[in-house]
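Chemist: I need the structure of the sequence given here:
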Amino acid sequence: MKLLKKTKCFARLLLCTSIISLCAVTTFALSIPKAESCANDFAGILSEETKAHIQKTSDALYKKCKIPIVVATIKSLEGEDISNYAIEMARKWQIAQKDSKKGILILLAVEDREIRIEVSDGLEEVLNDAKAGRIIRKFGIPLKKNDYNLGITQIFDAVVAEVEEPGSVVKAEDAFSKEDLITAFFVILILVISFVVTSKSKRGRFWGSSYNTGGSWGGFGSGSSGGGSSSFGSGGSFGGGSSFSGGGASSKF
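Modeler: Model prediction:
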């Protein structure tokens, strides 16, 4: 289990590093609207009752443990990756608190039929990628029937409960599904292939230079690897925001 967690963390770090190296600056064609509260229904799909529940519950959680959980719905991502967009939204809205670096964004894109739970760095031990994915799969079933109010409410309530009492909704041993194991397998496979290719490349260089000059193979292993009046801050932000680096999970529905 620990190996799977470490593998997924390393895979995410590898992915982030690759993205940063490929494009130093990420530009979004899709604008990010200004946050209104803890329940931001830009797609117009949530009832007043659902929004009131999210607001009231989020405010209560913030008063209890200073952790903001924000919900946002949009009509379309317009080709943007939901993970990148969620990170940018969470940062712009400054959801994570400066001191604790804790905060969560639940983002739903209606036309793309995709949802994401974006988790800040300070909460990844409480709500890791596997747990976030499990919550979406287990409680997001109503979304498949276009019951957005029930789906969002169930996912939101599950996230709140897991933050308040880790393990109450998703136990560690239940977090990994068959899909997670398959993903971990392919990640390991890719790493092994990359290692073999890199090794052959290094071996070729040594053969052409160091070997003939008395060099050794010693360097072969050197390449191992917010709420309403209470939680929502002045100016429409929560106070921190640079603490989001891709933790969480996404899923189509």
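
Chemist: okay, CA-based contacts and neighbour counts for the rest of this
Modeler: Noted.

Chemist: and E124, how many neighbours?
Modeler: E124 has 16 neighbouring residues, counting by other CA atoms under 10 Å.

Chemist: same check, this time on P166
Modeler: Using other CA under 10 Å: P166 sits among 16 other residues.

Chemist: again, but for S120
Modeler: Look at S120: counted by other CA under 10 Å, it has 29 neighbours.

Chemist: again, but for the one 3 residues further on
Modeler: Counted with other CA under 10 Å, the burial measure for L123 works out to 20 neighbours.

Chemist: May I ask you to confirm that it is in contact with K102?
Modeler: Yes - using CA atoms under 8 Å, L123 is in contact with K102, at 5.6 Å.

Chemist: Quick one: name whatever helix or strand follows the helix or strand bottoming out on mean pLDDT in the chain.
Modeler: None of the helices or strands of the chain scores lower by mean pLDDT, DSSP states H and E than helix 2-22, at a mean of 51. For helix 2-22, the following helix or strand on the C-terminal side (DSSP states H and E) is strand 39-41.

Chemist: What strands line up against that following strand, and which way round?
Modeler: The pairing partners recorded for strand 39-41 under DSSP bridges are strand 69-74 (parallel).

Chemist: what's in contact with stretch 159-176?
Modeler: For stretch 159-176, contacts defined as CA atoms under 8 Å, 6 or more residues apart in numbering pick out M1, L61, I69, V126, L127, A130, K131, A132, G133, R134, I135, A158.

Chemist: from these, which would you call buried?
Modeler: L61, I69, V126, L127, A130, K131, A132, G133, R134, I135, A158 (16 or more other CA atoms under 10 Å).

Chemist: re earlier: output the contacts of stretch 159-176 in CSV, with secondary structure and distance to I188 appended to each entry.
Modeler: Formatted as CSV, these follow (DSSP: H, G, I helix; E, B strand; the rest coil; distance: CA to CA, whole Å):
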residue, secondary structure, distance to I188
M1, coil, 14
L61, helix, 38
I69, strand, 33
V126, coil, 25
L127, coil, 23
A130, helix, 17
K131, helix, 20
A132, helix, 21
G133, helix, 20
R134, helix, 21
I135, helix, 25
A158, helix, 31
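
Chemist: Give me the buried stretch members for the helix or strand hosting A161, please.
Modeler: Using DSSP H and E, A161 sits within helix 148-164. For helix 148-164, the neighbour count (16+ other CA under 10 Å) marks 148-163 as buried.

Chemist: which stretches of the stretch 101-250 of the chain have low pLDDT?
Modeler: Applying pLDDT under 70 to the stretch 101-250 of the chain flags residues 172-187, 198-242.

Chemist: All the strands of it, residue numbers only.
Modeler: Under the criterion DSSP state E, counting those that start in this stretch, strands of the stretch 101-250 of the chain are mapped to 104-109, 114-119, 247-252.

Chemist: Export those as TSV, with columns for distance to A35 and mean neighbour count.
Modeler: Formatted as TSV, the strands of the stretch 101-250 of the chain follow (distance: least, CA to CA, whole Å; neighbours: other CA atoms under 10 Å):
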stretch	distance to A35	mean neighbour count
strand 104-109	12	26
strand 114-119	16	26
strand 247-252	20	20
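
Chemist: TSV please, covering the ones you listed and showing distance to V197.
Modeler: Converted to TSV, the strands of the stretch 101-250 of the chain look like this (distance: least, CA to CA, whole Å):
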stretch	distance to V197
strand 104-109	39
strand 114-119	34
strand 247-252	29
